[in-house]
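J.: need coordinates for the following:
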Amino acid sequence: MSIIDSESGSFHISSKIVISKDKLYKEILKLAPKNKTWDISNGYKWIYFKNAIIEGLFFNIDVCFHNEKLFSIDFNFSDKESKIRSWDSWNENEELKQKDLYENWLTKLFGKKRDFEWGKIGAYYDQIGGATSINIRYH
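T.: Residues are numbered from 1 along each chain as shown. Now for the predicted structure:
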């Protein structure tokens, strides 16, 4: 089984936690009641999964809902447990290498396809925030 189902766009964090377009915010929150959340009070709510181990890698997954429905998932992964990062250890070349790693990972999962009936997926480097992640945006 793949972490991301190419047919439905479902994201498999574990056998018990599968994030799919038909799941509402409150349903996912029931599955992860101790996870950090953020309600922006404008219709957007987030649930965070930190250092979730999936297929031997450590994933940090930020799940965004708009008006209770799944909107997007931003995530990154590493072979090491993530720790709080500082700008002192930040390096743009390392971020760009990470983006290439994510692009290669996506290509292994989906080939060159990035647009689906359920949404779009891609690897992104945010120059302003200085971070690299994979983003799934649902239709």
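
J.: give me the contacts around the helix or strand containing Leu109.
T.: Using DSSP states H and E, Leu109 maps to helix 92-110. Here helix 92-110 makes contact (C-beta atoms under 8 Å, 6 or more residues apart in numbering) with 2-4, 6, 76-77, 114, 121-125, 130-134. C-betas here are computed from N, CA, C, even on glycine.

J.: could I get the pLDDT score of the closest residue to Gly122 other than its chain neighbours?
T.: Excluding the flanking residues, the one nearest Gly122 by C-beta to C-beta, 6 or more residues apart in numbering is Arg114, at 5.3 Å. pLDDT for Arg114: 98.

J.: equivalent analysis for Asp88, please.
T.: At Asp88, pLDDT is 71.

J.: on that earlier part again, which among the contacts of helix 92-110 end up buried?
T.: 3-4, 76-77, 121, 123, 125, 132-134 (16 or more other C-beta atoms under 10 Å).

J.: for these, name the two members farthest from one another.
T.: Ile3 and Tyr125 (21.0 Å; C-beta to C-beta).

J.: so who does the residue nearest to Tyr124 when sequence neighbours are not counted touch?
T.: Closest residue in space to Tyr124, ignoring its immediate chain neighbours: Asn135 at 5.7 Å, by C-beta to C-beta, 6+ apart. Taking C-beta under 8 Å, 6+ apart, we find Asn135 in contact with 72-74, 121-124.

J.: closest to Ala52 among those?
T.: Among the contacts of Asn135, and counting by C-beta to C-beta, the member closest to Ala52 is Ile73, at 12.0 Å.

J.: give me the phi and psi angles of the nearest residue to Ile54 once chain neighbours are set aside.
T.: Nearest non-adjacent residue to Ile54, counting by C-beta to C-beta, 6+ apart: Ile3, 5.8 Å away. Here is the backbone geometry of Ile3 (degrees, to the nearest 10): phi -60, psi -40.

J.: so what pairs up with the nearest residue to His139 once chain neighbours are set aside in the strands?
T.: In space, and not counting its chain neighbours, His139 is closest to Gly119: 5.2 Å by C-beta to C-beta, 6+ apart. Beta-bridge pairing for Gly119 (DSSP bridges): Tyr138.

J.: cool, and Thr37?
T.: Ile47.
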